[in-house]
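Visitor: Please find the sequence and the predicted model below.
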Amino acid sequence: MQELAEVRLTAWVHGHVQGVGFRWWTRSRALELGLTGYASNRPDGRVQVVAQGPRDACETLLELLQSGNTPGRVDNVVADWTEPRDSLEGFTER
């Protein structure tokens, strides 16, 4: 089944997403979905989200990131899909 296939989502979130609780919010949503990975602030003001798990759960997280119901203001989300790599434990804020 495609929706159960394990994937790695890397998403770069553009907008006013630093200093507003965005990484904490993302971590909470990812843990609810059973995903592993991290959310980290980038020097250019973006937040990078790396999530691994079932494809349908990663797609749900991406939809949540794009929903407009996040802390701060999301202007754009650029996503990249790859095969999972590195064993990630839990979901952390970096």
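Guide: Here it is on my side, so go on. Numbering: from 1, shown residues only.
Visitor: my guess is Val77 meets Ser67, correct?
Guide: No: under the contact definition of Cβ atoms under 8 Å, Val77 does not touch Ser67, with a separation of 10.0 Å. All C-beta spots, glycine's among them, are computed from the backbone N, C-alpha and C.
Visitor: out of those two, which sits in the busier spot?
Guide: Neighbours were tallied for Val77 and for Ser67 using other Cβ atoms under 10 Å; the higher tally belongs to Val77 (20 against 10).
Visitor: Sketch out the helices for the chain, chain order is fine.
Guide: With DSSP state H, the ranges of helices along the chain come out as 22-32, 55-66.
Visitor: Direction-wise, compare the last one with helix 22-32 and give the angle.
Guide: What that stands for is helix 55-66. With axes from the mean of the first three to the mean of the last three Cα atoms, to 10 degrees applied, the angle from helix 55-66 to helix 22-32 works out at 150 degrees.
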